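Novice: Next comes the sequence, and after it the predicted model I'd like to discuss.
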Amino acid sequence: MSGTMTYHFSVILVTFGLLLSFITYAMTWIKRSLCLPFAVLSIGFLSYCSFSLFILVIERGPFEYYLGGWPPPIGIAYYIDELNAFLSLLVYLVALINLLCNRERFLEKQGDRIGGTMALYILFITGLNGILLTADLFNLYVLLEIASLTGYALLAIGDKRQAPFASLNYVFLGTIGACFYLLGVGYLYIKTGSLNMQDVSRLITQIPKSPTILSGFIFILIGIWIKMGLFPFHIWLPRAYTNTFGPISSLIAPLGTKVMAYVIFRVILFVFGKEFSFEIYSLGHVATLFGVAAILYGAITALRQTDLRRMLCFVVITEIGYIVAGLGVGNINAIRGSLLHLLNDVAMTFCLFLSADHLIVNTGTKIEELKGVFQKTPFGSSIYVLASLSVIGIPPSPGFFGKWYLLQGSLEAQNFWVFGAILLSSLLNTVLFFRTFEEGYYHHTESPSYGPKKTSLSAYGGILASGLLVVLMGLLAHPIVGHIVDPFLLRARLP
Amino acid sequence: MDSILEFIVGRYNYWLYILLMMIGLYAMISKNNLTKKIVGMNIFQTAIILFYISIGFKKGGTIPILEHTSHAVEVSHFVNPLPHVLMLTAIVVSVSTFGVALALAIMIYREHGTLEEDEILKCLEQ
């Protein structure tokens, strides 16, 4: 493939994603059984595009892509660097593994509506991918709404009766979040007259203390915080993710919140700039406060959950807390740690939700129903243990490296609140996960109501692949920091 | 006194959009019926659309279509079209959000036979 064609992959990822989702739906009119294989092929094709884009960026460095050849500020630009290309590759990999792993369950649950479900599935990841690659503030809003609207619809597919109600609550909060973001963009537009991120950041430096810019900053921040489920704005998250259909939760839980966390970094470091965010608007204190609160709240509340997947939702809230707290500390090691944790977290949370979902299928949703599950499905359980150990932060796992940089950064900044919160929450997570191990490993009472379900080879393959992803992220932690995270920080003019 | 009046009257578009936004937010928080909440959400989104429309407007400005002229164009004679174009997309988004929310409301109604939030919560607790 020639180099010039690969440049176009940046926009092909989004436009073909939109197109392929509608073709997937149109397959229903020909033959319904074609929908799922076609969806797998489409995501496979998009993963290939994303992979070659990633290789291109690693070889030649970051570049801007102008849609239709119109340079900004008039046209819309896409900006591809190492970090968002890698994150986009992770998004597609997670979506592909998740779909292959849960093929049978999708057909069983949504058999007569498989076309629509697959179309929403592809639209969702396309929206996320657009959020990652775009360099235009309004374009980001539109793609954010594409990802959110499809997310609401997917989350309403439920095993339980609560699912549509939980999803509607998410619609209300998600809409407030997106509207706040849009309002913030409007404030920036009043002052700068531009929507391109680079252009806005250049113009903002000339008007440092404008109250309009400050309002825009606050609105954008709160809007994204609602979307990413940071502590006081997290109300929608456990309800929506717990009550939905298992394979949907293992798609949305790792991806949705992490992509929004990436937007926070993009907006703060590349639109407002480090000096403005931290020195003039004193973001550091606010983010530290919210981050530490989220870490402690998530870790403590998770302890008193009786439902396995609901417990994992609070683990997700804790992880979001780490990312925001690292941003709040604000020195290079802490921000490096929180970016690394963001990347690792996609793999870890995915593996955790996928394997936990496998356990739930074999036993039940409650933690006390896990009795004897390690005997029943030794393979799925061992992957669950692997993911849990990674979330706790046992050394060779990816979770460890993220936390290591975070702890180092918070020590350098003498920020003992963050330091203590990370250590304490790791300890609480240990208690949390060993409680589930204990139920699964030591208690041998067979629950008569649930027999061991037959699991297909592809499901085992998918769970294994998610486990391998976690192991790889751990082994490759050093090159990931060196080639993906550090160039991003360098361009953000962090020392 | 005059300066306060000027502060309020001179920026009446912002006051109106904040008022409308608060009405929407109030409906979303305090109403018990889910349909009313959904309508509140739509009012909330509409407020932001009006905010964008008003920032593109200029007093005495006309539609931004240029005829072939030889002399220079006075920018203040034309309204700024960009916020208006952006809002076309935002209207589509708000319509589809409204649609998704109503579809979810239908699902809830089929499940529980009611759209009153307290009755649904009571139903779910059992």
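Specialist: Sure thing, it's come through. Residues are numbered from 1 along each chain as shown, chains lettered A, B, ... in the order given.

Novice: what sits against residue A:331?
Specialist: For residue A:331, the contact set (CB atoms under 8 Å, 6 or more residues apart in numbering or on different chains) comprises A:409, A:412, A:413. (Glycine included, C-beta is placed from N, CA and C.)

Novice: now it: how far from residue A:384?
Specialist: 35 Å (CB to CB, to the nearest Å).

Novice: Just give me the neighbour total for the residue lying closest to residue A:163 once chain neighbours are set aside.
Specialist: Excluding the flanking residues, the one nearest residue A:163 by CB to CB, 6 or more residues apart in numbering or on different chains is residue A:243, at 4.5 Å. Residue A:243 has 25 neighbours, counted by other CB atoms under 10 Å in any protein chain shown.

Novice: Residue A:243 and residue A:156 touch, don't they?
Specialist: No: using CB atoms under 8 Å, residue A:243 is not in contact with residue A:156; the gap is 9.3 Å.

Novice: Mutual contacts of those two, please.
Specialist: Common neighbours of residue A:243 and residue A:156 (CB under 8 Å, 6+ apart) are residue A:163.

Novice: Confidence-wise, which helix or strand of the chain is lowest on average?
Specialist: Went with chain A since none was named. helix A:373-376 (a mean of 78; mean pLDDT, DSSP states H and E).

Novice: now for that helix, which elements pack on it?
Specialist: helix A:332-362, helix A:416-442 (3 or more CB pairs under 8 Å, 6 or more residues apart in numbering or on different chains; DSSP states H and E).

Novice: of all the ones you listed, which lies closest to chain B?
Specialist: Among these, the nearest to chain B by CB to the nearest CB is helix A:332-362 (19.8 Å).

Novice: distance of the residue nearest to residue B:93 when sequence neighbours are not counted from residue A:71?
Specialist: Sequence neighbours aside, residue A:145 is the residue nearest to residue B:93 in space, at 4.6 Å (criterion: CB to CB, 6+ apart). Here the distance between residue A:145 and residue A:71 works out to 26 Å (CB to CB).

Novice: More neighbours: which of these two?
Specialist: A direct count of neighbours by other CB under 10 Å for residue A:145 and residue A:71 places residue A:145 higher, at 23 against 10.

Novice: Show the contacting residues for the more buried one.
Specialist: A:127, A:178, B:93, B:96, B:97.

Novice: tally of neighbours for the last one?
Specialist: Residue B:97 is surrounded by 23 other residues when neighbours are defined as other CB under 10 Å.

Novice: and residue A:171, that one's in a strand?
Specialist: No: going by DSSP: H, G, I helix; E, B strand; the rest coil, the assignment for residue A:171 is helix, not a strand.

Novice: Walk me through the domains of chain A.
Specialist: Here the domain parsing of chain A from automatic domain parsing is A:1-133, A:325-495.

Novice: of those, which approaches residue B:43 most closely?
Specialist: domain A:1-133 (25.2 Å; CB to CB).

Novice: average pLDDT across that closest one?
Specialist: Domain A:1-133 carries an average pLDDT of 89.

Novice: Please see if it touches chain B.
Specialist: No: Domain A:1-133 stays clear of chain B (CB under 8 Å from any CB of the partner chain), getting no nearer than 9.9 Å.

Novice: ok, and the most crowded of the contacts of residue A:331?
Specialist: The most crowded member of the contacts of residue A:331, judged by other CB under 10 Å, is residue A:409 (24 neighbours).

Novice: and it, helix, strand or coil?
Specialist: Residue A:409 - assigned by three-state DSSP - is helix.

Novice: Report the contact partners of it.
Specialist: Taking CB under 8 Å, 6+ apart as the test, what residue A:409 contacts is A:326, A:329, A:331, A:332, A:333, A:334, A:335, A:336, A:337.

Novice: Tell me the confidence at it?
Specialist: Residue A:409 carries a pLDDT value of 92.

Novice: Compute the number of surrounding residues for residue 19.
Specialist: No chain was given, so I picked chain A. So residue A:19, with other CB under 10 Å, has 14 neighbours.

Novice: sorry, should have said chain B
Specialist: 11.

Novice: Find the residue closest to residue 116 in space, skipping its chain neighbours.
Specialist: Using chain A. residue A:25 (6.2 Å).

Novice: Please refer instead to chain B.
Specialist: residue B:32 (5.6 Å).

Novice: residue contacts, that neighbour?
Specialist: Counted by CB under 8 Å, 6+ apart, residue B:32 has contacts B:116, B:117, B:118.

Novice: Quick one: residues contacting the spatially closest residue to residue A:481 that is not a sequence neighbour.
Specialist: Closest residue to residue A:481 apart from its sequence neighbours, by CB to CB, 6+ apart: residue A:340 at 6.0 Å. By CB under 8 Å, 6+ apart, residue A:340 lies in contact with A:401, A:402, A:405, A:477, A:480, A:481, A:485.
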